[in-house]
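J.: Sequence and predicted model, in that order:
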Amino acid sequence: MYSVTITPSDLAWQEQALCAQTGADFFFPEPGSSVREAKRICGMCAMRPACLEYAISNDERFGVWGGLSEKERLGLRRALE
């Protein structure tokens with residue numbers, strides 16, 4: 001699906017990601033809170049594909065990663081199996 005392969009030792013993309021400049025509050029909201037702002041920021045981020053691949057590969061279960069919520073990533077993981 002993605003041409004970029006990210007390994008745990010290759011996490012330099014995290015320093016370039018817009019979320020690193022924004023703060024975690026948007027990306028790890030309280031249960032029931034909106035993730036709209038996080039998704040907007042992700043939509044502008046060049047590191048989004050690497051972030052999403054990392055989240056899927058490492059089974060990240062909380063927060064917004066690569067522009068997808070927990071439920072959206074779960075659906076993607078199921079579709080990829």
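T.: Yep, that arrived. Numbers count the residues shown, from 1 in each chain.
J.: Show me the shaky parts of the protein.
T.: 1-9 (pLDDT under 70).
J.: Can you tell me the centre-most residue of it?
T.: For the chain, the residue nearest the mean C-alpha position is residue 65 (1.3 Å; CA atoms, centre = their mean).
J.: OK, contacts around that residue?
T.: Residue 65 sits next to 27, 51-52, 54-55, 73 when contact means CB atoms under 8 Å, 6 or more residues apart in numbering. C-beta: built from backbone N, CA, C; applies to glycine.
J.: Could you do residue 17 as well?
T.: 45, 47, 51.
J.: tally of neighbours for the residue lying closest to residue 66 once chain neighbours are set aside?
T.: Counting by CB to CB, 6 or more residues apart in numbering, residue 66 lies nearest to residue 52, which is 2.4 Å off, once chain neighbours are set aside. By the criterion of other CB atoms under 10 Å, residue 52 has 23 neighbours.
J.: any idea how far residue 79 is from residue 52?
T.: Distance check for residue 52 against residue 79: by CB to CB, to the nearest Å, it reads 13 Å.
J.: cool, and residue 21?
T.: For residue 21, the distance to residue 79 - CB to CB - is 31 Å.
J.: next one: residue 49
T.: Counting by CB to CB, the gap from residue 49 to residue 79 is 17 Å.
J.: Among those two, which residue is more densely surrounded?
T.: The residue with more neighbours, out of residue 49 and residue 79, is residue 49; 17 against 8, by other CB under 10 Å.
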